[in-house]
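In: Starting from these lines, generate the structure:
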Amino acid sequence: MGLMPNFSKDETYTGTLVYSGETYRFVFSHEELKLLPKVEDKNPLNWLFDLKKLPDGSYTWKTPPRIEEELLVGNCYETSNKIIFLPKKNSYISRQNSLLLIDLTAYIIYRYERGTVGKVSFSGPEIDCIHPIRQALEYTVDAEEFVNNGVFKIKARDFDFTTTSTENFTVNGKEVGAYFGISREITTRIDRPPVTLSSNLVFEFQKTDDWQFILRLWYIAKEFLQFLCRRKDICLDNMELFAPDGDGKYDEFATLYVTGNKAETDIDALTSGRFISQRHIAGATGAILSDIANNQMYLRHLPASYSERGQVDAARFVMVTAAFEWEFKRLYPQGVPKTQKRKEAEERVFAQIEALKESSHGAEKAIYKSLLKNIERYLSLENKIEIVGKDFSEILDVFGKQIYELNDLQLSYSETGKRLGSQRNDFAHGNLDHDFKVESLLDVAFLEKVIYAMQLKIAGVEDWKIQSAVNELFQCRLRLKEQ
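Out: Below you'll find the model as predicted:
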C-alpha cells in the first residue's frame with residue numbers, strides 16, 4: 001500500500017448526500033454540517049418549515065422537523081470518497097436562511113473505500129502512559145563511546161514483547177477482543193521525528209457495518225480510560241477503523257471523530273503518574289470493560305478534571321456515597337451473610353411481633369404488619385462501610401491509617417461511616433446551613449480509594465495489585481510489598 005492520504009478533521013469538505021429522498025449539497029466544517037439545495041431553481045427545503053394556520057385564522061411556523069436517519073452518507077468532492085455522518089437522532093433540524101443545520105454525534109472520514117470494520121484502534125497521551133511506550137525500546141550504551149563520540153544504540157523490541165494478551169468482553173451481543181500494543185512509524189521527512197512510537201488500545205470483532213456499534217466502542221474506551229485516570233477530561237480524539245483483508249490482516253481505511261470532544265492533554269496529571277498502569281489490571285481488563293459496557297460500574301462521581309480532584313461540594317459528596325452504595329450491591333449481590341446468633345434473634349423478634357399482630361386490630365395491626373416486613377436487617381451506610389472495612393482490611397488499612405494519622409485521627413470504619421452518614425443526611429434533607437464537617441472531607445477522600453478497591457476486586461484483580469493500583473492512582477507514595 002502506498003502513502004495514506006492525509007486528511008484533517010479541521011478542513012472544510014463539500015459534496016452531495018441524499019436526505020429524506022432529496023439530494024442536497026453539503027458543507028462540512030469544524031463539526032458543523034450544512035445542507036443546501038442541489039438545484040437552485042428547486043428548493044426542497046420549503047416543505048420543512050412551512051407556516052401553519054391556527055384556529056383563530058393567524059399563522060405560525062410549523063414545529064421544526066426532527067432528524068430520523070441514523071446515518072447520512074456523503075460523497076465528498078475533495079477526497080473523491082465517502083464521509084459518513086452520524087446525526088443526533090430525533091434532534092431538531094434548524095434553518096439558517098436557505099441552509100439546513102444538522103446536529104452530529106460523530107462523523108467518519110474515509111481514506112479508502114471499504115465495506116466493513118473488523119478492528120478499531122485508539123491512541124492518545126493517556127494510553128501512552130497506561131501502556132508505556134518506553135518498553136518498546138532497548139538501549140545499549142557504552143559510557144566511553146557515548147561521552148567521547150555521542151554514540152549509543154537503540155533497538156525496537158518485537159510486537160510480541162509489546163502487545164498484551166487479548167481479553168474478551170461483549171457489547172450488544174457481539175464479542176470483542178481487547179489488547180494494548182505499540183505501533184512504530186519511521187519517516188525521512190524533515191518536519192517530523194524520524195521515529196515515532198504510539199501506544200494503542202485495540203478492539204477486534206467480527207466484521208460489521210453497524211456504525212452505532214462502532215460508536216458505542218468509542219464511548220466504552222473513553223469511560224475505560226476515565227476510570228483508569230480518575231477524571232473525565234480524557235484526550236481521546238479519534239478512533240482508527242480497520243477492514244479485514246481476508247488473510248488475518250487488517251487495512252486501515254478511515255477515522256471516526258466524535259463531536260464536542262475538545263479535551264486537552266492534562267500534562268500535570270500524566271507527569272504526576274496519576275493513572276492505573278496496564279500491568280496492574282492484566283487479566284482483568286476484559287472484566288472491567290464488560291462492567292463498563294453493561295453499565296454496571298459506577299463512574300458518575302469521577303471528578304471533571306485533575307485540578308478538581310480535591311474539590312468536594314454537596315453534590316459531589318452525595319455522588320461519592322452513591323458510588324459506594326452502588327458498588328456495595330455489586331460486591332454483595334446476595335446480601336451480607338448473617339451469623340447464627342443474628343438469625344436466632346430475628347426468629348424470636350418475628351414470633352413476638354407476629355403474636356402482637358394477631359391480637360391487635362385496625363391501625364395497630366397495620367403497623368405490626370409493616371414491622372414484620374422490616375425484620376430483615378436494614379444496613380445503614382455506617383454498617384456497609386464497617387463490613388467493607390472488615391473484608392478489605394488487608395488492602396485498605398494502610399491507606400486509611402495514612403490519611404487519618406496525618407490529621408491526628410485514628411482509622412475507625414465505624415466512625416468514618418457515622419460521619420459520612422450524618423453528613424449525607426444533612427445534604428439529602430436540604431440542611432445546607434449545617435457546617436461541612438472537616439473530618440468528612442478526609443472520609444470522602446478515603447471513601448474514593450475504597451470504591452476503587454471494590455471495583456477492582458469485583459473485576460477479579462488480585463489484592464496486592466489492587467493496593468498497587470490505588471497507591472499509583474492516588475499517588476499515596478507508600479512502600480508496598482509486591483508479590
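In: Give the phi and psi angles for the residue sitting furthest away from the middle of the chain, as a check.
Out: The centre of the chain is farthest from one residue, residue 359, which by Cα atoms, centre = their mean lies 56.7 Å away. The phi and psi values for residue 359, taken as degrees, to the nearest 10, are phi -100, psi 10.
In: Need the per-residue pLDDT for it.
Out: Turning to residue 359, the model gives it a pLDDT of 87.
In: do the same with residue 371
Out: pLDDT for residue 371: 74.
In: How much space separates it from residue 347?
Out: 15 Å (Cβ to Cβ, to the nearest Å). To be clear about C-beta, it is placed using only N, CA and C from the backbone, and glycine gets the same treatment.
In: again with residue 87
Out: Separation of residue 87 from residue 347 (Cβ to Cβ): 61 Å.
In: quick one, which of the two is more surrounded?
Out: Counted by other Cβ atoms under 10 Å, residue 87 and residue 347 do not tie: residue 87 has more neighbours, with 22 against 11.
In: Contacts only, for the closest residue to that one other than its chain neighbours.
Out: Excluding the flanking residues, the one nearest residue 87 by Cβ to Cβ, 6 or more residues apart in numbering is residue 67, at 4.6 Å. Applying Cβ atoms under 8 Å, 6 or more residues apart in numbering to residue 67 gives the contacts 87, 88, 89, 90, 91, 92, 93, 102, 103.
In: Repeat that for residue 252.
Out: By Cβ under 8 Å, 6+ apart, the contact set of residue 252 is 4, 111, 240, 241, 242.
In: Over to residue 225?
Out: By Cβ under 8 Å, 6+ apart, the contact set of residue 225 is 124, 126, 127, 130, 201, 234, 236.
In: hmm, try it at 6 Å
Out: By Cβ atoms under 6 Å, 6 or more residues apart in numbering, the contact set of residue 225 is 126, 234.
In: Does it belong to a helix, a strand or coil?
Out: Following DSSP: H, G, I helix; E, B strand; the rest coil, we place residue 225 in the helix state.
In: Same question for residue 189.
Out: Assigned state for residue 189: coil (three-state reduction, three-state DSSP).
In: tally of neighbours for it?
Out: Residues near residue 189, counting by other Cβ under 10 Å, number 7.
In: hang on, the earlier thing: and of the contacts of residue 67, the nearest to residue 437?
Out: Using Cβ to Cβ, residue 88 is the member of the contacts of residue 67 that lies nearest residue 437, at 43.2 Å.
In: got the phi/psi numbers for the residue nearest to that closest one when sequence neighbours are not counted?
Out: Once flanking residues are discounted, residue 88 sits nearest to residue 103: 4.4 Å by Cβ to Cβ, 6+ apart. For residue 103, the backbone dihedrals (degrees, to the nearest 10) come out as phi -80, psi 130.
In: if we can go back for a sec, by neighbour count, which of the contacts of residue 67 wins?
Out: Among these, the one with the most neighbours (other Cβ under 10 Å) is residue 102, at 24 neighbours.
In: What residues does that residue make contact with?
Out: Residue 102 makes contact with 33, 87, according to Cβ under 6 Å, 6+ apart.
In: change it to 8 Å
Out: Counting by Cβ under 8 Å, 6+ apart, residue 102 has contacts 33, 34, 35, 67, 72, 85, 87, 93.
In: got the contact list for stretch 295-312?
Out: With contact meaning Cβ under 8 Å, 6+ apart, stretch 295-312 is reached by 223, 226-227, 230-233, 266, 268-269, 274, 288, 290-292, 316, 319-320, 322-323, 326-327, 330, 441, 444-445, 448, 451, 455.
In: please redo it, this time with the cut-off set to 7 Å
Out: With Cβ atoms under 7 Å, 6 or more residues apart in numbering as the test, stretch 295-312 has contacts from 223, 226-227, 230-233, 266, 268-269, 274, 291, 316, 319-320, 322-323, 326-327, 330, 441, 444, 455.
In: got the CA coordinates for that stretch in CSV?
Out: What follows is stretch 295-312 as a C-alpha-only set of coordinates in CSV (Å, rounded to 0.1, in the frame of the first residue of the first chain):
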residue,chain,number,x,y,z
ASN,A,295,-23.4,0.0,32.6
GLN,A,296,-22.6,-1.9,35.8
MET,A,297,-19.6,0.1,37.0
TYR,A,298,-20.5,3.5,38.7
LEU,A,299,-18.4,6.3,37.2
ARG,A,300,-20.6,9.4,37.7
HIS,A,301,-18.7,10.5,40.7
LEU,A,302,-15.4,10.9,38.9
PRO,A,303,-14.0,14.5,39.0
ALA,A,304,-14.3,16.5,35.9
SER,A,305,-10.5,17.1,35.7
TYR,A,306,-7.3,16.6,37.6
SER,A,307,-7.4,20.1,39.0
GLU,A,308,-10.9,19.4,40.5
ARG,A,309,-9.9,16.1,42.1
GLY,A,310,-9.8,17.6,45.6
GLN,A,311,-12.9,19.7,45.4
VAL,A,312,-15.9,18.4,47.4
